[in-house]
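**Student:** I'll drop the sequence and a predicted model, then ask my questions.
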Amino acid sequence: MHHIPNGGGRSKSEAGRLKAMGVKKGVPDIFLPCARGGYHGMYIELKRLCGGHVEPEQRGFLERRSAAGYYCVVCRGMEAARTEIVRYLEERV
C-alpha cells in the first residue's frame with residue numbers, strides 16, 4: 001500500500017515539479033495494489049471526519065477506476081479507512 005502525494009498546499013515551483021513527474025489532479029490518497037474478491041486493487045480517498053468534500057476530478061477518477069475493476073471508497077478518517085482495508089483484504093466487500 002502506498003500514499004499518493006496529490007493533496008496539500010505547496011509552492012508553485014513544487015507544484016510544477018510534481019506535475020512534471022506525472023502527478024495528476026483527482027488521484028486518490030492511497031492505493032493498495034493487491035487483487036482481492038474480483039478487484040484488481042483498492043483506491044481510498046481520505047477526507048476529514050468533519051468537512052471536506054470530494055472534488056469532481058476525484059469523483060471522476062473513482063468512477064472510472066471502479067468501472068475498470070478496482071474497489072474505490074471515500075473514507076472519513078483513518079478508522080474508516082482501516083475498516084475498509086480490512087474488509088477488502090478479507091474479501092467482505
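**Tutor:** Looks like it came in fine. Please read these numbers as outputs of a predicted model, since none were measured by experiment.
**Student:** what helix or strand is the most centrally placed residue in the chain on?
**Tutor:** The residue lying closest to the centre of the chain (C-alpha atoms, centre = their mean) is Pro28, at 2.5 Å. Here Pro28 sits in a region with no helix or strand, counting by DSSP states H and E.
**Student:** ok, it touching Gln58?
**Tutor:** Yes. Using C-beta atoms under 8 Å, Pro28 makes contact with Gln58 at a distance of 6.8 Å. Any C-beta I mention is one placed from the backbone N, CA and C, and that applies to glycine too.
**Student:** residues shared between the contacts of those two?
**Tutor:** Taking C-beta atoms under 8 Å, 6 or more residues apart in numbering as the criterion, Pro28 and Gln58 both touch Glu45.
**Student:** pLDDT weak spots in the protein?
**Tutor:** For the chain, the stretches flagged by pLDDT under 70 are 7-8.
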